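Colleague: Requesting a structural model of the entry that follows:
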Amino acid sequence: MSRTRLLLALGVLTVGGGMILLVTGGDEGARRSGSEIPGPNSVALSLPEAEDPVDQSIDVPVVAETAKPRVEIDTDFERTEAGARLAAVAYLEETEEAVTLSPQEAASLQRAMATTAFAEEFGAETEQRMIELAEAIPGGITLRVASIEARSVADGDDWLVSIWYVQAITITGESVVDDWRTANYRMSWEANTWKIASFESKRGPVPGRGTQAPSATSSQFEALLAGFSDDGLN
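Modeller: Numbers count the residues shown, from 1 in each chain. Here you go, the predicted model:
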């Protein structure tokens, strides 16, 4: 695979208030002429070669696979600042689940997170982005989202919650990339829980990076993390 093939155009998929990378190939000229998948804040990212040498001595553990139960949205949040922050983090982390669903199921998940006024817009945009994701990457992606820090500011009865987070995206058969973002939510109290009334997400702040090469190919990366889960870490 050529390096220009891995100069991928990125669009963004709105799920849970997070932004998931949509990856598409194409030559460099096509990218310059605007072949990015539609979406706000589209950017270009240079990825390492999938075939770059890696440590072949990696000892990949053998872990028996277990069926992963369908995650249900937890809506048991207190009507407090802490409750609004917890809800925003929980909704953001639902992004991991959403990318495993069909476009229609992902849209339904989004609507359940949103206020009545925002639900249809949120769901419709998600469904379209999921369709684009499936077309761009038929093999799918594996997503891991980790919230790092949050900030909350009162705005009347609402809370404006910003979450700085990082996501690791395994592109099946290609590579593993990281993306550092800040998700900004307006959390409103509706139906006895916190709901997303609006949001925006943008890249950064991004820490400086060294020159260390990826430790594994995408398949090795997933094998090394077999059996790991973020359950109980929140």
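
Colleague: Kindly point out the strands partnered with whatever helix or strand residue 176 lives in and how each is oriented relative to it.
Modeller: Assigned by DSSP states H and E, residue 176 belongs to strand 175-190. Applying DSSP bridges, strand 175-190 is found paired with strand 158-171 (antiparallel), strand 193-203 (antiparallel).

Colleague: between the ones you listed, which gets nearest to residue 77?
Modeller: strand 193-203 (5.1 Å; Cβ to Cβ). Where C-beta positions appear, they are placed from N, C-alpha and C, glycine not excepted.

Colleague: Starting from the closest one, tell me the next helix or strand along the chain.
Modeller: Downstream of strand 193-203, the first helix or strand assigned by DSSP H and E is helix 218-224.

Colleague: What helices and strands are in contact with that next one?
Modeller: strand 158-171, strand 175-190 (3 or more Cβ pairs under 8 Å, 6 or more residues apart in numbering; DSSP states H and E).

Colleague: go again using 10 Å as the cut-off
Modeller: Using 3 or more Cβ pairs under 10 Å, 6 or more residues apart in numbering; DSSP states H and E, the elements in contact with helix 218-224 are strand 141-155, strand 158-171, strand 175-190.

Colleague: In the protein, where is pLDDT below threshold?
Modeller: 1-74, 234 (pLDDT under 70).

Colleague: redo that, cut-off 90
Modeller: Residue ranges of the chain with pLDDT under 90: 1-76, 95, 138-140, 172-175, 199, 208-217, 229-234.

Colleague: send the alpha carbons of the helix or strand hosting residue 130 over as PDB?
Modeller: Under the criterion of DSSP H and E, residue 130 resides in helix 116-136. Extracted C-alpha coordinates of helix 116-136, given in PDB (Å, rounded to 0.1, in the frame of the first residue of the first chain):
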ATOM      1  CA  THR A 116     -37.300  16.500  22.200                       C
ATOM      2  CA  ALA A 117     -36.300  19.600  20.200                       C
ATOM      3  CA  PHE A 118     -32.900  18.300  19.200                       C
ATOM      4  CA  ALA A 119     -33.700  14.600  18.800                       C
ATOM      5  CA  GLU A 120     -34.700  14.500  15.100                       C
ATOM      6  CA  GLU A 121     -31.800  16.600  13.900                       C
ATOM      7  CA  PHE A 122     -29.300  14.600  16.000                       C
ATOM      8  CA  GLY A 123     -30.700  11.200  14.800                       C
ATOM      9  CA  ALA A 124     -31.000  12.100  11.100                       C
ATOM     10  CA  GLU A 125     -27.400  13.400  10.900                       C
ATOM     11  CA  THR A 126     -26.100  10.300  12.700                       C
ATOM     12  CA  GLU A 127     -27.900   8.000  10.300                       C
ATOM     13  CA  GLN A 128     -26.400   9.800   7.300                       C
ATOM     14  CA  ARG A 129     -22.900   9.700   8.800                       C
ATOM     15  CA  MET A 130     -23.200   6.000   9.600                       C
ATOM     16  CA  ILE A 131     -24.200   5.300   6.000                       C
ATOM     17  CA  GLU A 132     -21.100   7.100   4.800                       C
ATOM     18  CA  LEU A 133     -19.000   5.300   7.300                       C
ATOM     19  CA  ALA A 134     -20.200   1.900   6.000                       C
ATOM     20  CA  GLU A 135     -19.600   2.900   2.400                       C
ATOM     21  CA  ALA A 136     -16.100   4.300   3.200                       C
END
